[in-house]
Every structure is written in C-alpha cells, then in structure tokens.
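Q: A structural model of the following input is requested.
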Amino acid sequence: MWTSPRAAAEALDRADELAALRARYALPAGVIRLDGTSGGPRPRATSARLREFVENRRELRAPEPQVDAGLHRQARLAAAELAPLIGALPAEVVVADSASMNLFNALRAAAGLRPGRRVLAVDAHDFAADHYLARSAADSAGCELRFVDDPAELPAQLDDQVAVVALSHVDPLSGEVRDAAELTALAHRRGALSLWDLSHSAGAVRVDLRGWAADFAVGCGYRYLGGGSGAPGFSFVAQRRRAELAEVAPGRGGFGAMPPTFSITELRAGLAALSGADPGSLAAKSTGLAEFFVRCLRELPVAVAPVPVSGAGRGAHVCVMHRRAHDVAQELSSRGVVVDLAGPGRLRFGFAPTWLRYADVQEAADHFGAVLAELAQRR
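A: Residues are numbered from 1 along each chain as shown. Next comes the predicted model:
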C-alpha cells in the first residue's frame, strides 16, 4: 500500500531507537544539516568542555611537561572512545594530525614493510589533497603511484609490485560501501597491505577493522564523529603491524603529532554524544535515512537520478549530479538546507544518524525538488 513520504517519515521517527541522541546536539531552528565538511551541528557538551579547558589551562602550565602529559592523556581517551566505533583496540588508535597527513604517514609505513615492492595503489576518488600527499609519500619511499578507479579492477592491478592498497571504505563520489573484508583478503593473497580511509564511514557505517584483518586505517574527526571543523584525524595500525614497524623503524609503531588543545576537546565532546550508541544501530539508521531520501526523490515532480551504487550497498550519503550544482547548493542554503559540493556538478547529501530525523530528510527532499523546479523555470 502506498504511503506518502510525510506519513512514512513520521512512522519511521516514532520507531527510531536512536531518537534520544538528537537532544545531545545544539540544533538551530530552521536548519537541516546534510553537510559533512564542516562537521555538522555542535554537541551540547562542547561549550562546557571548552570552558573547563580554558579555566584550568593556566594551572596546567606549571610545570610545562604537565601540559604535554595532559594533552597526551586527552588524545588517549579520545582513542579509547573512538576504538569501539571502528572495531579496533584503543592501543591501535592514535588521534592526531589530519586524515591527509595520517594517510601520508601510513603509506610510508606500509612501503617500509614491503621494501621489495615499488607501487602504492590509492583510490582515484580521494580528495586532491590526499593525492598530493600520496604522491609525496611515493616519492619519499622511492615508489610510484597507481590510481584505482574501480575496486572491481583491483584483481588485474594487484601485481607483485604493489606494496599497499589504500581505498576509501565508502566511495566519496557515489556513497557505495566497499567490501573491505573481501578486498583486504585479496590484497593479502597478493602479498600487499591494506589501508582504509574511514572519513565517510566512522560513526555512521559499520566498521570492523580487526574483523577485516586491516593493516592500516585513517579518518577524520569531523563529519559523523562531531568534532567540528578542524578536528584532529585519527590513524589505526594493527597490533601485528606495530610490532613489525618497531623492528624496521624504531619509534614508528604508531604515528601522529600531539593534537591541538581546543580541537581534541571538541572531538571528545563529539564522541561523548555517540556514547552508548550501538555501532550497528548507527549504521542501520544512516542507511535507512539515505535510502529514504532516495525514495523521496522518486516522489518528486521533477526527475532526479542519484548516483547509483552496487557492491555492499549504500553508506551514509547520496550524491546527485546537476550541471548547476553550485546554484542548487546556494538556493538550498537560503532555505536552511546545508549540503556539500563534492566536485564539479556533484551534490552530496550526508545523513548523520545522531541528529537527523526522517522528517528532516523528507523536508530536505521537498526543498530540493522546489529548487530544481525554480531553476528550470529560469532557463
């Protein structure tokens, strides 16, 4: 039986077991945040945590080493809070630097563990900054860079020269979830290491690094983790690889500098907002929101075709191509709907399971349809 998107949204919201998490965020009235690059709305605990840090900071400055010890402790606590969300042990996670710098370090570390192999295979859909740093890592390790456009082509690309395969768990350009366990096993069968970018999945898509037998992973602290713009990234090095790194490069068992003071405080507030949430429930709701958005698009009076996905299914975002994507994003913003521009002609709608309702998704889809109709009339 057909049900209107609005009625369906109301029913889904009533059944939402994560609905209570929404109260943990300071949500401005009339704004629907479907963007990821700015980190979404502020967790309510952020202001109090920052105030506490500022008020106690001077007491921590004497003696100076105590400041460093305090920051390292905060970073370790953040790693311990993040670890269950990505299927890792706290000792395998380091919170520091940016996702791009952590990618650079992980690629170099992987190359060091496979000295006879001279190729670093990286995701062709990564950000430009990631590509620049990947090339720098390849140059510094005496390797060449090979881009992987489609994981389906990986079996043909994985020769005996590939040291590491670095892929995004969720394709940034489509929202497709890659089968990380299968691709990791393939890399291992060919003698290569695996490196996963979790920037589009940590906190919203099921991640099980130890279950996948992953070697390395990196990710950002904003987007679904709630750390806000400028949040530190994180890196993962499997225990078995830490031991190997300690042998070939003492002191490199884990990598990352000390995180900036304010940003680690904000990230811990974001992770606190996720406290107690089952990772499987977070993943199920993210996918549910994204699929419901696709359904709402089909109900619009204007034709909209989301970028299709296959593989292991859809993650926590939906991409839509439009030749006037920048204008669409601006018009949506004026209506209180904030989305990402993921490249020329590409809009990305992200669905955080913690602060979004199905009703928000339905309303955003209606605004999207109205904007498309208005732009079509202005031709």
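Q: got the contact list for Tyr358?
A: Residues near Tyr358 by C-beta atoms under 8 Å, 6 or more residues apart in numbering: 8-10, 12-13, 16, 288-289, 292. Yep, even glycine has a C-beta here, placed from its N, CA and C like the rest.
Q: so where's the stretch 101-250 of the chain shaky on pLDDT?
A: By pLDDT under 70, the low-scoring segments of the stretch 101-250 of the chain are 249-250.
Q: mind listing what's buried in the host helix or strand of Glu247?
A: Using DSSP states H and E, Glu247 sits in helix 239-248. For helix 239-248, burial by neighbour count (16 or more other C-beta atoms under 10 Å) applies to 241, 244-245.
Q: Spatially central residue for this structure, please.
A: Ser199 (2.2 Å; C-alpha atoms, centre = their mean).
Q: In its sheet, which strands sit next to the longest strand along the chain, and in what direction?
A: Using DSSP state E to define each element, the chain has its longest strand at strand 162-168. In the sheet, strand 162-168 lines up against strand 119-123 (parallel), strand 193-197 (parallel) (DSSP bridges).
Q: Make TSV out of the ones you listed and add distance to Glu331 and mean neighbour count.
A: As requested, those are exported to TSV (distance: least, C-beta to C-beta, whole Å; neighbours: other C-beta atoms under 10 Å):
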stretch	distance to Glu331	mean neighbour count
strand 119-123	31	25
strand 193-197	31	27
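Q: Export these as TSV, with columns for distance to Ala231.
A: TSV is the format used below for these (distance: least, C-beta to C-beta, whole Å):
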stretch	distance to Ala231
strand 119-123	22
strand 193-197	16
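Q: wait, which of those is closest to Arg24?
A: When those are compared by C-beta to C-beta, strand 193-197 sits nearest Arg24, at 26.6 Å.
Q: On the C-terminal side of the closest one, identify the next helix or strand.
A: helix 209-212.
Q: got a list of what Arg146 touches?
A: 119-122, 157, 162.
Q: now, which of these sits nearest Arg357?
A: Val122 (36.7 Å).
Q: picking up where we left off before, the following helix or strand past the helix holding Glu247 - what's its average pLDDT?
A: Later in the chain than helix 239-248, the nearest helix or strand by DSSP H and E is helix 261-273. For helix 261-273, mean pLDDT is 91.
Q: residues in contact with helix 261-273?
A: Contacts of helix 261-273 (C-beta under 8 Å, 6+ apart): 21, 24-25, 39, 43-46, 49-50, 53, 57, 71, 74-75, 77-78, 81-82, 95, 221, 225-228, 230-232, 259, 354.
Q: List the buried residues in it.
A: 261, 263-273.
Q: ok, the residues you listed vs Ala29, which is closest?
A: Closest approach to Ala29 among those (C-beta to C-beta): Ala273, at 19.3 Å.
Q: how about the helices in this protein?
A: Using DSSP state H, the helices found in the chain span residues 5-14, 45-60, 64-86, 99-113, 128-141, 154-157, 180-189, 209-212, 239-248, 261-273, 279-298, 325-334, 358-377.
Q: For the last one, the averaged confidence score.
A: In other words, helix 358-377. The predicted model gives helix 358-377 an average pLDDT of 96.
Q: The third one too?
A: Per-region confidence: helix 64-86 scores 82 on mean pLDDT.
Q: Next, the angle from that helix to helix 279-298.
A: 60 degrees (axes from the mean of the first three to the mean of the last three C-alpha atoms, to 10 degrees).
Q: How about the fourth one?
A: Comparing the axes of helix 99-113 and helix 279-298 via the same axes, to 10 degrees yields an angle of 120 degrees.
Q: just to revisit the earlier point, out of the strands paired with strand 162-168, which is closest to Asp215?
A: strand 193-197 (4.3 Å).
Q: Using CSV, list the CA coordinates for that closest one.
A: Presented in CSV, the C-alpha positions along strand 193-197 are these (Å, rounded to 0.1, in the frame of the first residue of the first chain):
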residue,chain,number,x,y,z
LEU,A,193,48.9,-4.5,2.8
SER,A,194,45.6,-2.8,3.2
LEU,A,195,44.9,0.8,4.2
TRP,A,196,41.3,2.0,4.7
ASP,A,197,40.1,5.6,4.8
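Q: Run through who's touching that strand.
A: The contact list for strand 193-197, computed with C-beta under 8 Å, 6+ apart, reads 99, 103, 106-107, 110, 113-114, 123, 126, 130, 163-169, 180, 183-184, 187-188, 209, 212-219, 241.
Q: thinking in terms of the whole chain, how far from its middle is that strand?
A: On the basis of C-alpha atoms, centre = their mean, to the nearest Å, strand 193-197 sits 14 Å off its chain's mean C-alpha point.
Q: Then stretch 325-342?
A: 21 Å.
Q: how long is it end to end?
A: In stretch 325-342, first residue to last residue: 9 Å (C-alpha to C-alpha, to the nearest Å).
Q: Return the set of buried residues in that stretch.
A: Buried positions in stretch 325-342, judged by neighbour count with 16+ other C-beta under 10 Å: 325, 328-329, 331-332, 335, 337-342.
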